[in-house]
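Peer 1: with the sequence up front, the predicted model follows.
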Amino acid sequence: MLATQLHRAWLAARIKRRLKAGDANRAEALARKLVAAAPNGRDGYVFLFDALLDAGKTADALATAEQAIGRGLNEAEIWNRKGIACLRLDHLDVAEDAFKHALALDRANTAAQVNLSSIALRRNDVGTAKSLLNTVLAASPDHLAARVNRALTYLQESNRSDAEQDFRAVLAQDPGNLPALTNLTRLLIDAERFDEAASVAEIGLSRRPNHPGLLLDIGRIAVLRGSLGEAEQILRQLQSLAPSDADTRLGLAVLLRDTKHYDEAERLFRDLLVTQPGDPLIHFNLSFLLLLKGRFDEGWSEYEYRKLTAESPGHVGSAPQWQGEPLNGKLLIYAEQGIGDEIMFASCVPDALSRASSCVVQCDPRLASLLRRSFPQATIVGSNRSERGEKASEFGPFAAQVPMGSLPVLFRRSAAAFPLQQRYLNADPKDTTDYRQRLTTLGSGKKIGLCWRGGLLKTRQASRSIGLGMLADALPDGVLVSLQHGDSAQHVEALLGQTGRHVHSLVDPQNNLDLLASLISALDVVVSVQSTVVHLCGALGVKCFALIPYSPEWRYLAEGDKMPWYQSVTLLRQTIPGDWSAPLTRLRQEIS
């Protein structure tokens, strides 16, 4: 008997060391031996559950908890673990029941209370989450799991500063705290602090090697930095681990898509939808893949799920969603996304105008003049997101409403449904003439507009951008004009010093889009990376060469030299990640 007890104690000590070292596979093997040695003992099941969860085998971890309960181990610690597994698998109702069962067995079980706050957070019920956490923290101010979840409530309230403070306070007490490490990493990624995020993730991986969530974050950072080779290595490492929890598998599907493994990504998205058919994030991410591949009918239907995600700005007022039927009343079309998408989706406004007796189009204020000139039969209302509902209500009441991003599901369900129109936006003719005359005074040759940096850091700016010097080297003599938003003076000055070529800045591309449209219309040709400039050129019918990275945004499709939205835009694609030589070679041929 004593020898058996000593053997179990020895196994338990080895399992703890393996778990602490992040060796989940070895810990699992040892835990199975402990379960076999003591099939009615609690410790073996607890260790086995923890090892399986650490290895990303969430379904197996749940089965282990249920096996323990079936063995008569009706203990709060076992029920709490069952709830954790169900929470990972997004079975929120079953998880909630398990945590409540744990509390019924042990009213002082703070872990179950904290886990119930996690369910409240998943349901966007910040008030309930805070109430549960305040109860725990009032009794135990240094309760680490409660502080992590309090940080998550701050994030849901867009309070990054206090969230970061709580995460770092937890890590000061417990440097290997996995929830704090993973959530701080993601906070820093969202804040575009990629170097800091990578450092935190590497610290986590040094303590928990092969942790799927941290590996996924490293892969995501690699994609955002434009390092697709590094992302590819992470991808294969993740696949070898075969994670089973839904969040990691969704992240893996996105990583597959962003590294152009489209078929593998689609299979994984669809596998996820078998068990989570209503998850809007899975549908929304699948939509990008389908649209990339030109599968518009299903793609636009999946794109509608964006309205159910946490990032959706929601409806404006109470009017019902328009389904494309003839409408005698007033229709509100409202913007919900960025400037480039507003311009692109505005190509569907004429379709809506043909079916509604009266239309009000709410847009970014910077686009109001341009849209007002282009769609004189519509009422154009320029307003910021925060005031769009109040501004739009001044022009109601409305018989129906529709976001701009939902117009394609009504009017662009196949490639043949895209009209072969040369342009649908009209620049101010007087300003265009003035710019054309001014450009003539700047020199002879073609008047070429340039945009060399696209997007934000968190929208893959690194892979979407090209050096100005490299771009200018591919262009013929002529007048170069900057269409670049943001601070570009350093780039322009460097080019002038190195080559003697001047890039003229004639307008603020960020804040004066109506004048930008006039300037673009006065140019002979535009060369741009993926950016708002491409959309504006296409909408205005101005000849544009768009430089497309190896892994393109969904709007530019996965292949081909044309995008269905714009007849005047030619796509020049990378054939090797990060290598602009092929598109620039073709640009030299085409622009001459």
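Peer 2: That came through fine.

Peer 1: give the buried residues for stretch 434-448.
Peer 2: Tyr435, Leu439, Lys447, Ile448 (16 or more other CB atoms under 10 Å). Every C-beta, even on glycine, is put in place using the N, C-alpha and C of the backbone.

Peer 1: the third one and Leu480, how far apart?
Peer 2: I take that to be Lys447. 9 Å (CB to CB, to the nearest Å).

Peer 1: quick one: stretch 324-337 to chain centroid distance?
Peer 2: Relative to its chain's centre, stretch 324-337 lies at 27 Å (CA atoms, centre = their mean, to the nearest Å).

Peer 1: name the residues of it that are buried.
Peer 2: For stretch 324-337, by 16+ other CB under 10 Å, it's Gly324, Leu327, Lys330, Leu331, Leu332, Ile333, Tyr334, Ala335, Glu336.

Peer 1: surely the fifth one touches Ala400?
Peer 2: So the one you mean is Leu332. Yes: contact criterion CB atoms under 8 Å: Leu332 and Ala400 qualify, at 7.4 Å.

Peer 1: for the stretch 401-550 of the chain, what spans make up the helices?
Peer 2: 408-411, 429-441, 461-464, 468-473, 489-499, 513-522, 532-540 (DSSP state H, counting those that start in this stretch).

Peer 1: figure out which of the ones you listed is closest to Ile576.
Peer 2: With CB to CB as the measure, helix 461-464 is the member of these nearest Ile576 (12.0 Å).

Peer 1: host element of Val381?
Peer 2: Val381 belongs to strand 379-382 when assigned by DSSP states H and E.

Peer 1: these two touch, right, Pro564 and Phe418?
Peer 2: Yes: between Pro564 and Phe418 there is a contact under CB under 8 Å: 4.0 Å.

Peer 1: and for those two, which residues touch both?
Peer 2: Listed as contacting both Pro564 and Phe418 by CB atoms under 8 Å, 6 or more residues apart in numbering are Arg412.

Peer 1: between Leu332 and Ala400, which contacts overlap?
Peer 2: Residues touching both Leu332 and Ala400 by CB under 8 Å, 6+ apart: Ala319.

Peer 1: quick one: contacts of whichever helix or strand comes after the strand holding Val381?
Peer 2: Of the helices and strands lying after strand 379-382 in sequence (DSSP H and E), the nearest is helix 388-393. With contacts defined as CB under 8 Å, 6+ apart, helix 388-393 is touched by Val316, Gly317, Leu332, Tyr334, Ala335, Val360, Gln362, Val381, Ser383, Phe398.

Peer 1: neighbour-wise, which of these leads?
Peer 2: Within the contacts of helix 388-393, Leu332 tops the neighbour count with 29 neighbours, counted by other CB atoms under 10 Å.

Peer 1: distance of it from Ser347?
Peer 2: To Ser347, Leu332 is 18 Å away according to CB to CB.

Peer 1: again, but for Ala415
Peer 2: Taken as CB to CB, the span from Ala415 to Ser347 is 14 Å.

Peer 1: more neighbours, these two?
Peer 2: Neighbour tally, Ala415 and Ser347, criterion other CB under 10 Å: the higher count belongs to Ser347, 25 against 11.

Peer 1: so who does the residue nearest to that one when sequence neighbours are not counted touch?
Peer 2: Counting by CB to CB, 6 or more residues apart in numbering, Tyr424 is the residue found nearest to Ser347 once chain neighbours are left out, at 5.3 Å. Tyr424 is in contact with Ala346, Ser347, Val349, Pro350, Ser374, Ala539, counting by CB under 8 Å, 6+ apart.

Peer 1: farthest-separated two in these?
Peer 2: Among those, the pair separated by the greatest distance (CB to CB) is Pro350 and Ala539, at 12.0 Å.

Peer 1: these two: which has the busier surroundings?
Peer 2: More crowded of Pro350 and Ala539, by other CB under 10 Å: Ala539, with 26 against 16.

Peer 1: ranges for the helices of the stretch 51-200 of the chain?
Peer 2: For the stretch 51-200 of the chain, the helices defined by DSSP H, counting those that start in this stretch cover 58-70, 76-88, 92-105, 110-122, 126-139, 144-156, 160-173, 178-190, 194-207.

Peer 1: quick one on the thing from earlier: make a markdown table from the contacts of helix 388-393 and add pLDDT to it.
Peer 2: Formatted as a markdown table, the contacts of helix 388-393 follow (pLDDT from 0 to 100):
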| residue | pLDDT |
| --- | --- |
| Val316 | 79 |
| Gly317 | 78 |
| Leu332 | 95 |
| Tyr334 | 93 |
| Ala335 | 92 |
| Val360 | 95 |
| Gln362 | 94 |
| Val381 | 94 |
| Ser383 | 89 |
| Phe398 | 94 |
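
Peer 1: now, among these, which is nearest to Gly176?
Peer 2: Looking across these and measuring by CB to CB, the closest to Gly176 is Ala335, at 44.9 Å.

Peer 1: could the contacts of Tyr424 go into JSON lines alongside secondary structure, distance to Leu235 and pLDDT?
Peer 2: Listed next are those as JSON lines, based on DSSP: H, G, I helix; E, B strand; the rest coil; distance: CB to CB, whole Å; pLDDT from 0 to 100:
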{"residue": "Ala346", "secondary structure": "helix", "distance to Leu235": "37", "pLDDT": "97"}
{"residue": "Ser347", "secondary structure": "helix", "distance to Leu235": "35", "pLDDT": "97"}
{"residue": "Val349", "secondary structure": "helix", "distance to Leu235": "40", "pLDDT": "97"}
{"residue": "Pro350", "secondary structure": "helix", "distance to Leu235": "42", "pLDDT": "96"}
{"residue": "Ser374", "secondary structure": "helix", "distance to Leu235": "43", "pLDDT": "97"}
{"residue": "Ala539", "secondary structure": "helix", "distance to Leu235": "36", "pLDDT": "98"}
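
Peer 1: turn these into JSON lines, including distance to Arg267.
Peer 2: Below are the contacts of Tyr424 laid out as JSON lines (distance: CB to CB, whole Å):
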{"residue": "Ala346", "distance to Arg267": "35"}
{"residue": "Ser347", "distance to Arg267": "32"}
{"residue": "Val349", "distance to Arg267": "37"}
{"residue": "Pro350", "distance to Arg267": "38"}
{"residue": "Ser374", "distance to Arg267": "42"}
{"residue": "Ala539", "distance to Arg267": "36"}
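
Peer 1: and of these, the nearest to Glu266?
Peer 2: Nearest to Glu266 among the contacts of Tyr424 is Ser347, at 27.1 Å by CB to CB.

Peer 1: tell me how far the closest one lies from Leu523.
Peer 2: 21 Å.

Peer 1: so for the protein, the centremost residue is which one?
Peer 2: Thr459 (7.9 Å; CA atoms, centre = their mean).

Peer 1: show me what contacts that one?
Peer 2: Contact analysis of Thr459 by CB under 8 Å, 6+ apart lists nothing.

Peer 1: can we see that at 10 Å?
Peer 2: By CB atoms under 10 Å, 6 or more residues apart in numbering, Thr459 lies in contact with Glu192, Leu224, Gly338, Gln530, Glu553.

Peer 1: immediately after the helix or strand bottoming out on mean pLDDT in the chain, which helix or strand?
Peer 2: In the chain, no helix or strand scores lower on mean pLDDT, DSSP states H and E than helix 2-20, which sits at a mean of 72. The helix or strand immediately downstream of helix 2-20 is helix 24-37, counting by DSSP H and E.

Peer 1: tell me which other helices or strands that following helix touches.
Peer 2: Under the contact criterion of 3 or more CB pairs under 10 Å, 6 or more residues apart in numbering; DSSP states H and E, helix 24-37 touches helix 2-20, helix 42-54, helix 58-70.

Peer 1: winner for burial among those helices?
Peer 2: Of all those, helix 42-54 carries the top mean neighbour count, a mean of 23, counting by mean count of other CB atoms under 10 Å.

Peer 1: what helices or strands is it leaning on?
Peer 2: helix 2-20, helix 24-37, helix 58-70, helix 76-88.
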